[in-house]
Structures are given as structure tokens and as C-alpha cells.
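> could you look at this predicted model? Sequence included:
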Amino acid sequence: MRILVVNNYSMKQFLSLSDAGVCPAHHCWGVDELRNSPGIKLRFALFKIPSICKKLHIRRFYYYYLQLLFAFKAIGCDCIYAAASPLIDFMGYLKYIGFLDKKLIMVVHHPRNFSLKRQRYNRIIFICKEAYNQAINDYPDFKNSFIYQEWGPDLNFYGNKRANIKNVSFVSNGITNRDNYSLVEAIKGTSFHTGILCNQQSVPPNYDEKYKNIELVFNKGTMMNGQIMSYKDMISFVSKYSICVIPTGAEQVSLCGLTSFCDAIALGMPVILSDTTRIYVDVNIEKFVSYYRASDINDLRRVMSKFAQAENLEELSKASRKYAESHDYKKFAQTIKTVILEE
């Protein structure tokens, strides 16, 4: 079976990085499981639009050029697998009008990030509960082709590394769409020791060096090839703290912070989530997670104070790690393999 794998970063490179232990395997989106299956041959296609196309306002034209290129690359393949939508929506349209007779498998990350009005796919895997529920509501006739499968951490990568829960402290390690401004405001006037890993986009404008309880690490970006900050260095930074905070603003509409969440639960960290991350956890069952109202500084401070005063931090840490074990990346990878190989 020949499979064309399409992604918005080099899957071939990440397979090598994962094999070398540089980054966790969950960034391979199940392709590692496919690669190790007998009778499977993989081809790779990279969905990347050059910045010059954006500057010249021809991004949309290049987008369709890539779609046509993928259609040609798929010649001789039995299946096309996209680890993110909408990287193969043109192929979905070709399948809809009867010009393509190949199995199409796609992973949907964000709510309302695809359409079935003029596109067809064999299977769609959702990693966001809200996106899954919206899809069933919008396209009830296709619900049998929908699968909700949570994306979890590659626990082998983290080994025995655990968060430092001896002293209460907080950390925000994400660099995409992070509301670190609200985090700094929530920390002001408290003794909460807090680490913030950020880039130019997410650096809090209200940070001041006089805040001695805030450790700010400025980084151009957390790279997984070790050129700027290696993944293991990032994990070492995060594991110095006991509680992970994933702050996103009230305007956030797409899934955000899931990678940071996977890192946190793999390290056994309780997690504070903005209610706009689109990360779904049943807090009535999983007590190691708490949500706060996005951009509400007082509510964030309230939740942080609740964790700071918790006497069962070690139990919450164990619950977090147990949740990671029950949502291991291997389950996601096996789901991808099953839906691609099924008749």
C-alpha cells in the first residue's frame, strides 16, 4: 500500500528527529506507526507557502499550486493522509466530483476548519471535542466517518522526568497565541514564583525586571532540532516548576496549547487552562485540571491561589501522569494505522 503523507512541516525530518530522541514521536502524527507496518510505502509532501508569496499577495494562488502538485504526487498512491486540515481540500473536491478514487484521511484540529459541502473524505479524525461535536451537528449524514481521538504524549521520550512539586510554582511554556499579559497581571502583588518561556509574539508587554518572582526566558522559538532551544532543554525548563498555566485570550477561537498540555501531563503537572484553549477535560473527574475565564485576571489569580493552597499537590501530580498514561500517543497512532489500513 502506497500512502502520500501531507503535512505543514517536514514529517520525514521529524521521523528522523524522533528516531534520534531529539523530539517526542507524537509530532509524527502516527506516521511512525505506519512506517513500521509491513507492506507500507510512504511518500511525503510538504505544505509550506513561502513568505514572499504572502508579501506579494499571491498566497491563495500558491495554495492551489500546492494542491495540484499533491494531486500529481499522489499518482500511484492508494491513500492520501493529511495530518492537518485543510491541506488536501482540493483532493477532497476531486473525490466529490468523481475525478479521484483514492482513500482520503484527514486530521482536523480546529472547529469549523473544513467543509463537506463539496468535499469528500473516507475518514476524518478529530483531536478537538468541540470540532467533533460541531461536525456531527453540521454534517449528521457523515457522522459514521468521524472519529474523536485525543492526541497524547509520547511517554517514552520523557522517561522518568517529572515536575518539581516540592514547592508551588507556575510555568507558561507556549509561544503561540499566549495571553502572558494576563498571567503577569495575575502574578502582580503575589509571591507566586512563575516561569514564562516566550518569543517576540508572546513576550508580555507588562513584564518588568523588578518582578523578582518571574523568570522570563526569551526565545525566538522553541525548535525541535536544537538550533535555538532543544525540546529536551525546554522540558528541563518546564520541569523546574510544579503547575502549568496555558493562558489564551478571550478572542481565541481555534485549538491552542495542546502541545504544552501534552508536555505538562507527561511530566505529571496539574494544569490551569483558559476556557478558550479548546482543550477538553472533564474537570468533575480530572481534578488536576482547572479552567478560568479567558482574559479575566481576577479569575486566573483565583485559580492559581486555589492550587497554591492545595494540600494534595502530589496526588494531583500523580493524577496528571495517570491521565497521560491513559491518553498515550500510541492510541492515536494505532487509530491512524487502523483507519488507513481498513478496507
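The structure has been received and is ready for your questions.
> shaky segments in the protein?
Scanning the chain for pLDDT under 70 picks out 219-228, 343.
> and the strands in it?
With strands called from DSSP state E, the chain shows them at 2-7, 41-46, 79-82, 103-108, 123-126, 146-148, 169-172, 193-198, 214-218, 243-246, 271-274, 289-292.
> what does the first one rub up against?
Applying CB atoms under 8 Å, 6 or more residues apart in numbering, the contact partners of strand 2-7 are 11, 29, 31, 34, 40-47, 70, 73-74, 76-84, 87-88, 340. In short, each C-beta sits where N, CA and C put it, glycine included.
> buried residues, it. List them.
3, 4, 5, 6, 7 (16 or more other CB atoms under 10 Å).
> what is the second one paired to in the beta sheet?
The bridge-partner assignment for residue 4, based on DSSP bridges, gives residue 43, residue 80.
> now it: how far from residue 334?
From residue 4 across to residue 334, the span is 21 Å (CB to CB, to the nearest Å).
> could you do the third one as well?
With distances taken as CB to CB, residue 5 is found 17 Å from residue 334.
> ok, now residue 143?
22 Å.
> so these two - more neighbours on which side?
Higher neighbour count among residue 143 and residue 334: residue 334, with 14 against 11, using other CB atoms under 10 Å.
> for the more buried one, list the residues it contacts.
Taking CB under 8 Å, 6+ apart as the test, what residue 334 contacts is 30, 33.
> picking that back up, what's the most buried one of the strands of the chain?
Highest mean neighbour count of the strands of the chain: strand 243-246, a mean of 28 (counted as mean count of other CB atoms under 10 Å).
> what lies in contact with that one?
Taking CB under 8 Å, 6+ apart as the rule, strand 243-246 contacts 168-174, 178, 183, 194, 238, 256-257, 260-261, 263-264, 269-274, 277, 279, 300, 304, 307.
> recalculate using a threshold of 7 Å.
Strand 243-246 has contacts (CB atoms under 7 Å, 6 or more residues apart in numbering) with 169-172, 174, 183, 257, 260-261, 264, 269-274, 277, 307.
> and stretch 317-326, by the same measure?
152-153, 155, 163, 165, 265-266, 268-271, 286-288.
> tell me the buried residues in that stretch?
Using 16+ other CB under 10 Å as the test for burial, stretch 317-326 gives 317, 319, 320, 321, 323, 324.
> let me have those in JSON lines, extended by distance to residue 117.
Listed next are the buried residues of stretch 317-326 as JSON lines, based on distance: CB to CB, whole Å:
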{"residue": "317", "distance to residue 117": "46"}
{"residue": "319", "distance to residue 117": "42"}
{"residue": "320", "distance to residue 117": "41"}
{"residue": "321", "distance to residue 117": "43"}
{"residue": "323", "distance to residue 117": "37"}
{"residue": "324", "distance to residue 117": "38"}
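> just those: which are in helices?
Using DSSP state H, the members of these that fall within helices are 317, 319, 320, 321, 323, 324.
> and those, which is closest to residue 295?
Distance to residue 295 across those (CB to CB) is lowest for residue 320, with 25.2 Å.
> separation between the nearest residue to the closest one once chain neighbours are set aside and residue 242?
Among residues not flanking residue 320 along the chain, residue 288 sits closest, at 4.3 Å (CB to CB, 6 or more residues apart in numbering). Counting by CB to CB, the gap from residue 288 to residue 242 is 11 Å.
> residue 194 contacts residue 214, correct?
Yes. Between residue 194 and residue 214 there is a contact under CB atoms under 7 Å: 5.2 Å.
> where do the contact lists of these two overlap?
residue 187.
> residue contacts, residue 293?
Shown in contact with residue 293 (CB under 7 Å, 6+ apart): 275, 299.
> rerun at 8 Å
Counting by CB under 8 Å, 6+ apart, residue 293 has contacts 274, 275, 299.
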